[in-house]
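K.L.:
need coordinates for the below:
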Amino acid sequence: MRQKLKQLYDNSTLATKIRYSYFLLLVPVLAFSIFCFYNLWIVNRNYEDMLDSTAAASEFSLDFKKDFDYETYLLIVENKSIEESNLDDMLSDAKRIVNSLEEVTNSRDNRERLDSAEKYLKNLESYKERIEENLREGNKYEDNMEIWENDVQIVTSLFRETIFQYIYYEISQLQQLRAEYQNVFLATLGFLLAAMACILVVIIYVSYHIPLSITRPIRKLSEVTDQVAKGNLDVRSEIKGGIEVSMLSDSLNTMIDKINELIEQVTKEQIRLRKAEFELLQSQINPHFLYNTLDAIIWLAEAGEQKKVVDMVGSLSEFFRTSLNRGKDIITIEEELNHVRSYLEIQQVRYQDILEYEICVPEEFNKYLIPKITIQPLVENALYHGIKNKRGQGRILVKAEKEEKFFYIQIEDNGIGIKEERLEQVRAGIRDRVLTGKDIYGLYNVNERIRLNFGEKYGIFIESVYEEMTVVSIALPYAETLS
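P.N.:
Take a look at the predicted model:
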């Protein structure tokens, strides 16, 4: 039974545990209060009954005998007529007092005394009626005086003595009740001290164990979260007691697992991004591009085109200088455009029959930042996937457009363009970070590096009309320094 109660308590909610503590504190206090109130009510009721009895008895006039005897004498000597006599009123008041005393007394002896008092009043009423009868029949003075002296005065004395005895014993009982009340008070006081000691023990027990049962699992959770904050993601919470705390424990374990998964995912993503950047950088220093450029330089030298050789070597030097750029990942628009210009100058020598280009970016954009090797891969895509696949003269235009909170660098070509279905696949791959073919690898890497450095709302956007043109727009912030 005890084990079941403990299990029920351990599995209770925090609010229920607090209610249990209130209940455990309330029960002894309530029991003690009921006991005290009951005893005090009993004693007080008896005490009030005795007081009521004494108060009712106090209404009896101490001069009743004297007044009644004198009023009877006045009637006998005909100083007052029967109509003027107050004997009936006096008897009525005496009966009323006796009746009221019968309602409040609890003493058997006093009830017997009151029964005697009622008989005395009936006798007095009988004597009064005999005197009045004698007066109506004629003046029988001697008979009436005999009734008065031998009957009336004796009975009034007995009546008065009976009432006095009643009052005396009622007061005696009142004193006895007072003594009992003092005993009850002392007993109640003793019980109060014992109850207070018990309640104090219960309060100490409850105030220690119940808060401890609530705070212990929370403290354990705090220790787990402290370990997590210090970087220990191998720790787990094993708390099972209490509904809310168990749920919190399970949620904490789930959160730690999610953090581990996210850390692993971020680590893999960083590795993948670094690998992509490395591969992208390597792709820019494509050996074929370098071999073809060197072959072109040799061909120009053999043809005696010294000036073109010098220009091409200078462009190649400038191209590699920007590509390496002392390991910097973020450069200015001006530096990036110089890199693109060097690339186009080299390619124009090789593809002079099909390639024209123009860079129309106002100088006001030169100070803003851009990830290194961002525009050149897009220009290379325009050349190899757009212009080379279309007959006739091709043209590449690099320009800029202003918006309120950002600006665009646009690479526009009049090449073969992209079919609508393939264009949607390319857009979806860039948007959802899913590679849909090697031909968009450069676009994907450029877009990811822009998002990585400036945020998700920036990146590249593609518009194309098949067999007419393609425009790739790079959305960038007005950033002169990285925060």
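
K.L.:
now do the helices in this protein.
P.N.:
2-10, 14-58, 64-76, 87-104, 108-137, 141-147, 153-229, 243-284, 287-302, 306-324, 333-350, 375-381, 420-432, 441-454 (DSSP state H).

K.L.:
just send these back as JSON lines, with mean pLDDT and mean neighbour count too.
P.N.:
No exception for glycine: its C-beta is placed from N, CA and C like everyone else's. Converted to JSON lines, those look like this (pLDDT from 0 to 100; neighbours: other CB atoms under 10 Å):
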{"stretch": "helix 2-10", "mean pLDDT": "60", "mean neighbour count": "10"}
{"stretch": "helix 14-58", "mean pLDDT": "63", "mean neighbour count": "14"}
{"stretch": "helix 64-76", "mean pLDDT": "84", "mean neighbour count": "18"}
{"stretch": "helix 87-104", "mean pLDDT": "82", "mean neighbour count": "17"}
{"stretch": "helix 108-137", "mean pLDDT": "86", "mean neighbour count": "16"}
{"stretch": "helix 141-147", "mean pLDDT": "85", "mean neighbour count": "15"}
{"stretch": "helix 153-229", "mean pLDDT": "76", "mean neighbour count": "15"}
{"stretch": "helix 243-284", "mean pLDDT": "70", "mean neighbour count": "13"}
{"stretch": "helix 287-302", "mean pLDDT": "71", "mean neighbour count": "14"}
{"stretch": "helix 306-324", "mean pLDDT": "72", "mean neighbour count": "16"}
{"stretch": "helix 333-350", "mean pLDDT": "88", "mean neighbour count": "21"}
{"stretch": "helix 375-381", "mean pLDDT": "89", "mean neighbour count": "23"}
{"stretch": "helix 420-432", "mean pLDDT": "86", "mean neighbour count": "14"}
{"stretch": "helix 441-454", "mean pLDDT": "83", "mean neighbour count": "20"}
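
K.L.:
looking at the ones you listed, spot the one closest to residue 400.
P.N.:
helix 333-350 (8.1 Å; CB to CB).

K.L.:
these two touch, right, residue 380 and residue 346?
P.N.:
No - assessed by CB atoms under 8 Å, residue 380 is found out of contact with residue 346, at 11.3 Å.

K.L.:
need the helices of the chain in JSON lines with distance to residue 470, can you?
P.N.:
Converted to JSON lines, these look like this (distance: least, CB to CB, whole Å):
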{"stretch": "helix 2-10", "distance to residue 470": "69"}
{"stretch": "helix 14-58", "distance to residue 470": "64"}
{"stretch": "helix 64-76", "distance to residue 470": "133"}
{"stretch": "helix 87-104", "distance to residue 470": "116"}
{"stretch": "helix 108-137", "distance to residue 470": "123"}
{"stretch": "helix 141-147", "distance to residue 470": "148"}
{"stretch": "helix 153-229", "distance to residue 470": "50"}
{"stretch": "helix 243-284", "distance to residue 470": "20"}
{"stretch": "helix 287-302", "distance to residue 470": "21"}
{"stretch": "helix 306-324", "distance to residue 470": "23"}
{"stretch": "helix 333-350", "distance to residue 470": "17"}
{"stretch": "helix 375-381", "distance to residue 470": "9"}
{"stretch": "helix 420-432", "distance to residue 470": "9"}
{"stretch": "helix 441-454", "distance to residue 470": "11"}
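
K.L.:
out of the ones you listed, which gets nearest to residue 356?
P.N.:
Among the helices of the chain, helix 333-350 comes nearest to residue 356, with 7.8 Å by CB to CB.

K.L.:
contact partners of that closest one?
P.N.:
292-293, 296, 300, 308, 311-312, 315-316, 318-319, 322-323, 325, 355-357, 359, 361, 365-370, 372-376, 379-380, 383, 396, 398, 409 (CB atoms under 8 Å, 6 or more residues apart in numbering).

K.L.:
relative to helix 306-324, how tilted is that helix?
P.N.:
140 degrees (axes from the mean of the first three to the mean of the last three CA atoms, to 10 degrees).

K.L.:
still on that earlier bit, closest to residue 465 out of the helices of the chain?
P.N.:
Among those, helix 420-432 sits nearest to residue 465 (CB to CB), with 9.1 Å.

K.L.:
in terms of secondary structure, what does the closest one contact?
P.N.:
helix 441-454, strand 459-465 (3 or more CB pairs under 8 Å, 6 or more residues apart in numbering; DSSP states H and E).

K.L.:
I'd like these as a markdown table, with distance to residue 101 appended.
P.N.:
Converted to a markdown table, those look like this (distance: least, CB to CB, whole Å):
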| stretch | distance to residue 101 |
| --- | --- |
| helix 441-454 | 105 |
| strand 459-465 | 108 |
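
K.L.:
looking at the ones you listed, spot the one closest to residue 141.
P.N.:
helix 441-454 (139.5 Å).

K.L.:
and the closest one, how far out from the chain's middle?
P.N.:
Mean-position distance between helix 441-454 and its chain equals 44 Å (CA atoms, centre = their mean, to the nearest Å).

K.L.:
repeat for stretch 475-483
P.N.:
42 Å.

K.L.:
check which residues of that stretch are buried.
P.N.:
475, 476, 477, 479 (16 or more other CB atoms under 10 Å).

K.L.:
distance of the third one relative to residue 455?
P.N.:
Meaning residue 477. 8 Å (CB to CB, to the nearest Å).

K.L.:
then the last one?
P.N.:
As for residue 479, its distance to residue 455 is 10 Å (criterion: CB to CB).

K.L.:
and residue 69, by the same measure?
P.N.:
From residue 69 across to residue 455, the span is 121 Å (CB to CB).

K.L.:
and if you look at residue 478?
P.N.:
Distance of residue 478 to residue 455, computed by CB to CB: 13 Å.

K.L.:
what of residue 356?
P.N.:
35 Å.

K.L.:
do residue 344 as well
P.N.:
30 Å.

K.L.:
so what's the nearest residue to residue 157 once chain neighbours are set aside up against?
P.N.:
Leaving aside its chain neighbours, residue 157 sits nearest to residue 65 (6.1 Å; criterion: CB to CB, 6 or more residues apart in numbering). Contact analysis of residue 65 by CB under 8 Å, 6+ apart lists 153, 156, 157, 159, 160.

K.L.:
repeat the analysis, applying 10 Å as the threshold.
P.N.:
152, 153, 155, 156, 157, 158, 159, 160, 161, 163 (CB atoms under 10 Å, 6 or more residues apart in numbering).

K.L.:
JSON lines for those residues, including distance to residue 91?
P.N.:
Shown next, in JSON lines, are the contacts of residue 65 (distance: CB to CB, whole Å):
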{"residue": "152", "distance to residue 91": "12"}
{"residue": "153", "distance to residue 91": "16"}
{"residue": "155", "distance to residue 91": "12"}
{"residue": "156", "distance to residue 91": "11"}
{"residue": "157", "distance to residue 91": "16"}
{"residue": "158", "distance to residue 91": "15"}
{"residue": "159", "distance to residue 91": "10"}
{"residue": "160", "distance to residue 91": "14"}
{"residue": "161", "distance to residue 91": "18"}
{"residue": "163", "distance to residue 91": "14"}
